[in-house]
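In: Make a model of this:
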Amino acid sequence: MAASQSGSNLTRNLTNQFVQPPWRVALWSVAYSSILAVAVFGNLVVMWIILAHKRMRTVTNYFLLNLAFSDASMAAFNTLVNFVYATHGEWYFGEAYCKFHNFFPVTAVFASIYSMTAIAVDRYMAIIHPLKPRLSATATKVVIACIWCLAVVLAFPLCFYSTTRTLPRRTICYVAWPRPAEDSFMYHIIVTVLVYLLPLVVMGITYTIVGVTLWGSEIPGDSSDNYHGQLRAKRKVVKMMIVVVVTFALCWLPYHVYFIVTGLNKRLNRLKSIQQVYLAVLWLAMSSTMYNPIIYCCLNGRFRAGFKRAFRWCPFIHVSSYDELELRATRLNPRNQSSMCTLSRIDTSMTHLSLYTSPDCRHTCLTPSEPNK
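Out: Numbers count the residues shown, from 1 in each chain. Now for the predicted structure:
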């Protein structure tokens, strides 16, 4: 998405007066390279955690997998190219990549935010209407495929109208709209509504209802013995997703405001300082691709265990037996697990032994020294 308007706004106004001193280019290079490294590697680890561990293949995690793929792809294919183009004002990558460069970010951001929206709706159904059927693995994959199809449709105009143009001293990549001023601004308004405002409104409503239910009253239909444990688990998932959504919203807000303001007042694009503003806004938007793995690791015990396994080769990373059980233990019927855990505590002297020898109770019965997750 960061490239969709840069071709039509910034680069057409970018002349020699925008050439930056080497030290400033070096600082921006480090900043953008950091996004690339953290986003690609972190999201690849998230994808490995979900795909390599059967316990992690849930409806929510399938959408997180799609989110991780979108973020890693956008960071890999667009972040540094955007930076090079915005810094130099010259397109070095050919017409075919120009079309892809303008097309893919909108597609990836659409897939990302609607994956978050699908998670919000799924959490709403699971907590507010627990007796209704949940999405199956097949249905989840169909939803993900539909998200990508809609993303391609929304971004297709950028691919269709993108082209390169050779000027006397440089080559530019831009979107050659039939009516450049009107079409460019109108398209960005449509993108802002569909890829930012609408999904955030939907998620705001669903998470508000879910939050009131989880923190303000009892969960409807849930009267099992393990009620409080399930309540804590649901709260942690919702808390994590709220942090993910808020982070996304804050990262992309300045980007959308920037293009609306510069679209309404085109004289701003001729200011010399606008290049630094654009690079800062672009960096913040692109940085949204690298925060999610950090959020998962900090707020989710299973993802944290997965990251420990991925980095177990580091001398300061210790993978405990509890971490192994977090990813490998199988689920139990809540009634059975409650009764089995009760039996394991009949004799206190045998508790520690039963926790590590009974495969049926490993993921729910914790030693006194381990925190409940």
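
In: Quick check: closest non-adjacent residue to the most centrally placed residue in the chain.
Out: Of all residues in the chain, the one closest to the mean position by Cα atoms, centre = their mean is Leu67, 4.8 Å from it. If you skip the residues right next to it in sequence, Leu67 has Ser115 as its closest partner in space, 4.4 Å away by Cβ to Cβ, 6 or more residues apart in numbering. Heads up, the C-betas are built off the backbone N, CA and C, glycines and all.

In: if I pick that neighbour, what's in contact with it?
Out: When contacts are counted by Cβ atoms under 8 Å, 6 or more residues apart in numbering, Ser115 touches 63-64, 66-67, 70, 144, 147.

In: shouldn't the residue nearest to the centre of the chain be in contact with Met116?
Out: Yes - with contact defined as Cβ atoms under 8 Å, Leu67 and Met116 form a contacting pair (6.6 Å).

In: Quick check: which ranges of the stretch 251-373 of the chain have low pLDDT?
Out: 329-373 (pLDDT under 70).

In: need the helices for it, in chain order.
Out: Shown for the stretch 251-373 of the chain, the helices assigned by DSSP state H, counting those that start in this stretch span residues 274-299, 301-310, 321-328, 334-344, 351-357.

In: rewinding a little: please convert the buried members of the contacts of Ser115 into PyMOL selection syntax.
Out: Selecting in PyMOL just the buried members of the contacts of Ser115, where the criterion is 16 or more other Cβ atoms under 10 Å, is done with this command:
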select buried, resi 63+64+66+67+70+144+147
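
In: Out of the contacts of Ser115, which sit inside helices?
Out: Counting by DSSP state H, the part of those found in helices is 63-64, 66-67, 70, 144, 147.

In: Return the member of those nearest to Ala249.
Out: Proximity of the ones in helices among the contacts of Ser115 to Ala249 was ranked by Cβ to Cβ; the top entry is Leu67 with 14.5 Å.

In: Am I right that Met125 sits in a strand?
Out: No - counting by DSSP: H, G, I helix; E, B strand; the rest coil, one finds Met125 to be helix, located in no strand.

In: Excluding sequence neighbours, find me the nearest residue to it.
Out: On the basis of Cβ to Cβ, 6+ apart, the spatially nearest residue to Met125 that is not a chain neighbour turns out to be Lys132, at 6.2 Å.

In: State the distance from Pro133 to Val142.
Out: The spacing between Pro133 and Val142, counted by Cβ to Cβ, to the nearest Å, is 15 Å.

In: Hmm, I typed the wrong one, I wanted Thr166.
Out: Taking Cβ to Cβ as the measure, Thr166 and Val142 are separated by 45 Å.

In: Who has more neighbours out of these two?
Out: Taking other Cβ atoms under 10 Å, Thr166 and Val142 do not tie; Val142 has more neighbours (12 against 9).

In: could you check the distance from the more buried one over to Ser115?
Out: According to Cβ to Cβ, Val142 stands 14 Å off from Ser115.

In: Just the helices from the stretch 1-150 of the chain, written as ranges.
Out: Per DSSP H, counting those that start in this stretch, the stretch 1-150 of the chain carries helices over the ranges 2-6, 10-13, 22-52, 59-74, 80-88, 94-128, 137-161.

In: can I get these in a markdown table with mean pLDDT and distance to Leu271?
Out: A markdown table is the format used below for the helices of the stretch 1-150 of the chain (pLDDT from 0 to 100; distance: least, Cβ to Cβ, whole Å):
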| stretch | mean pLDDT | distance to Leu271 |
| --- | --- | --- |
| helix 2-6 | 46 | 16 |
| helix 10-13 | 43 | 9 |
| helix 22-52 | 93 | 17 |
| helix 59-74 | 95 | 28 |
| helix 80-88 | 86 | 15 |
| helix 94-128 | 94 | 24 |
| helix 137-161 | 95 | 26 |
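
In: So for Lys234, which of those sits nearest?
Out: In this view, these are compared for proximity to Lys234 by Cβ to Cβ, and helix 94-128 is the closest at 6.1 Å.

In: ok so, going back, now the contacts of Ser115 in JSON lines, with distance to Arg267?
Out: Formatted as JSON lines, the contacts of Ser115 follow (distance: Cβ to Cβ, whole Å):
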{"residue": "Phe63", "distance to Arg267": "43"}
{"residue": "Leu64", "distance to Arg267": "43"}
{"residue": "Asn66", "distance to Arg267": "41"}
{"residue": "Leu67", "distance to Arg267": "38"}
{"residue": "Ser70", "distance to Arg267": "35"}
{"residue": "Ile144", "distance to Arg267": "43"}
{"residue": "Ile147", "distance to Arg267": "38"}
